[in-house]
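> Would you be able to build a 3D model of this:
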Amino acid sequence: MRVSKAQAQANRARVVETASQLFRERGYDGVGVADLMAAAGFTHGGFYKQFGSKTDLIAESAACGMAQTLALTGGDVDPVAFIGNYLSREHRDGRGTGCTMAALGGDAARQPEEVRAAFANGIEGLVVALLRGKADDPAVTPEALHQARAQVLNVLSHAVGALMLSRACPDASPLADEVLAAARQALVASVEAARAPTDSTARVDTRKNA
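Numbers count the residues shown, from 1 in each chain. Coordinates of the predicted model:
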């Protein structure tokens with residue numbers, strides 16, 4: 001029976017979404033093509049009708065997972081809210097539906113360039129989302145935008161690392177929660193400190209109001 005183009009696209013999307021979740025749960029080497037296709041509800045033989053190789057699927061699934069991570073920003077999310085959501089116990093325990101960077105960043109570093117490019121594109125998209133509003137604001141100077149971008153990258157780097165450390169601990173370990181709490185506190189403090197007016201700005205404002 002011939003499959004319509006629309007159905008073929010839907011089948012492919014289902015395989016990609018299934019792969020994205022399974023890879024986050026088990027790692028790239030922990031999921032075989034046969035198991036993956038069975039989990040998606042298809043036969044092993046159908047894989048190569050849809051993908052040239054497992055690497056092609058890994059790259060597509062990485063892009064899918066990074067898009068889901070981007071959805072954590074919720075469109076208008078504040079960096080402080082993002083930190084709270086990202087470094088929550090719920091996110092920590094939801095490996096299969098959580099951040100692709102934390103679940104597969106180590107694996108991705110050993111993958112071909114097309115996979116690492118998918119991660120880089122996803123990271124850049126997340127940075128842009130967390131900078132939403134600043135890049136188009138004429139009142140924000142290039143220097144201030146550069147500093148804001150550096151801060152977002154710093155927050156992401158520390159948040160991903162903290163989540164990885166927490167997941168490396170046993171689920172019942174107090175250390176798993178302690179790592180998350182310490183990172184949340186430090187990152188929120190850094191974001192709020194960056195938002196606070198500098199001493200020189202405060203002095204200027206005081207003179208204007210005098």
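
> Okay, and Ala162 sits in which element?
Take DSSP states H and E as the rule and Ala162 turns out to sit in helix 142-168.

> cool, and Ala193?
Judged by DSSP H and E, Ala193 forms part of helix 174-195.

> what angle sits between that helix and helix 142-168?
170 degrees (axes from the mean of the first three to the mean of the last three CA atoms, to 10 degrees).

> From Ile83, how far out is Val115?
27 Å (CB to CB, to the nearest Å). (C-beta placed from N, C-alpha, C; glycine too.)

> and the helix holding Ala162, how far from the chain's centre?
11 Å (CA atoms, centre = their mean, to the nearest Å).

> so where's the chain uncertain?
For the chain, the stretches with pLDDT under 70 are 1, 72-77, 197-210.

> what ranges do the helices span in it?
5-26, 33-40, 47-50, 54-70, 79-86, 89-93, 100-108, 113-130, 142-168, 174-195, 199-209 (DSSP state H).

> Tell me which other helices or strands the second one touches.
Spelled out, it's helix 33-40. Packing partners of helix 33-40 (3 or more CB pairs under 8 Å, 6 or more residues apart in numbering; DSSP states H and E): helix 5-26, helix 47-50.

> In CSV, list the helices of the chain along with mean neighbour count and distance to Asp136.
Written out in CSV, the entries for the helices of the chain read as follows (neighbours: other CB atoms under 10 Å; distance: least, CB to CB, whole Å):
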stretch, mean neighbour count, distance to Asp136
helix 5-26, 17, 31
helix 33-40, 16, 40
helix 47-50, 14, 39
helix 54-70, 21, 18
helix 79-86, 19, 17
helix 89-93, 15, 29
helix 100-108, 21, 26
helix 113-130, 17, 11
helix 142-168, 16, 10
helix 174-195, 15, 19
helix 199-209, 9, 22
